[in-house]
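>>> based on what follows, work out the 3D shape:
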Amino acid sequence: MARTLLLLLPLLATACTTTRETATPNADSALVQVLDPAGAWRVMQDGELRGYVVRFVDRVIPTRCSYSVRNELQQELGTIDELGRAWRFVPHQREAQWVCTATLSQGAARLLGLGAEGRLEEVSLDALRAPLPPR
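Predicted coordinates for the structure are as follows:
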């Protein structure tokens, strides 16, 4: 009896497998949004560089923009949309996590894990493209 049960276990495991077919998205109806960098700021707190904010503008609709919030190594931590909604990227998760709805500097501070609001100082986009100084 035990031997028969052992032989049937692999068959039972495969019998429980289900598959689901999903439709391919229609590429003709896909909306491609191309964003160009338009400005950047350093996030400073107590005289220390804590991160960066980069503004991206839609090529087709210039009033549509989003902000990329990055740490001091320029690793993207999250985004802020034009309505002030801040979203944190969560490793190994498909969806970003809503953090707050606030001003740009408050949202950046929250995404960077700062206790208080950081001060934004404008910086050129070329300065962000320069290699990082050694630590």
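>>> distance check, residue 83 against residue 125.
From residue 83 across to residue 125, the span is 24 Å (Cβ to Cβ, to the nearest Å). The way it works is simple: take the backbone N, C-alpha and C, and place the C-beta from them, glycine included.
>>> do a quick rundown of the helices in the chain.
Under the criterion DSSP state H, the chain carries helices at the ranges 2-15, 104-111, 125-129.
>>> give me every residue that touches the residue nearest to residue 59 when sequence neighbours are not counted.
Closest residue to residue 59 apart from its sequence neighbours, by Cβ to Cβ, 6 or more residues apart in numbering: residue 34 at 4.8 Å. The contact partners of residue 34, taken as Cβ atoms under 8 Å, 6 or more residues apart in numbering, are 58, 59, 60.
>>> among those residues, name the buried ones.
Among those, those classed as buried by 16 or more other Cβ atoms under 10 Å are residue 58.
>>> which one of the contacts of residue 34 is nearest residue 79?
Nearest to residue 79 among those, counting by Cβ to Cβ, is residue 58 at 13.7 Å.
>>> tell me which of residue 83 and residue 125 has more neighbours.
The neighbour comparison of residue 83 against residue 125 (other Cβ atoms under 10 Å) goes to residue 125, with 12 against 6.
>>> so who does that one touch?
So residue 125 contacts 37, 39, 40, 54 (Cβ under 8 Å, 6+ apart).
>>> quick check, pLDDT for it.
pLDDT recorded at residue 125 is 88.
>>> just the buried members of the contacts of residue 125?
Buried residues within these, counting neighbours by 16+ other Cβ under 10 Å: 40, 54.
>>> any chance of TSV for the contacts of residue 125, columns pLDDT?
As requested, those are exported to TSV (pLDDT from 0 to 100):
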residue	pLDDT
37	86
39	94
40	96
54	96
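>>> strands - which of the contacts of residue 125 land there?
Those of these mapping onto strands are 37, 39, 40, 54, per DSSP state E.
>>> pretty sure the third one sits against residue 124.
Yes. Applying Cβ atoms under 8 Å, one finds residue 40 in contact with residue 124, separated by 7.1 Å.
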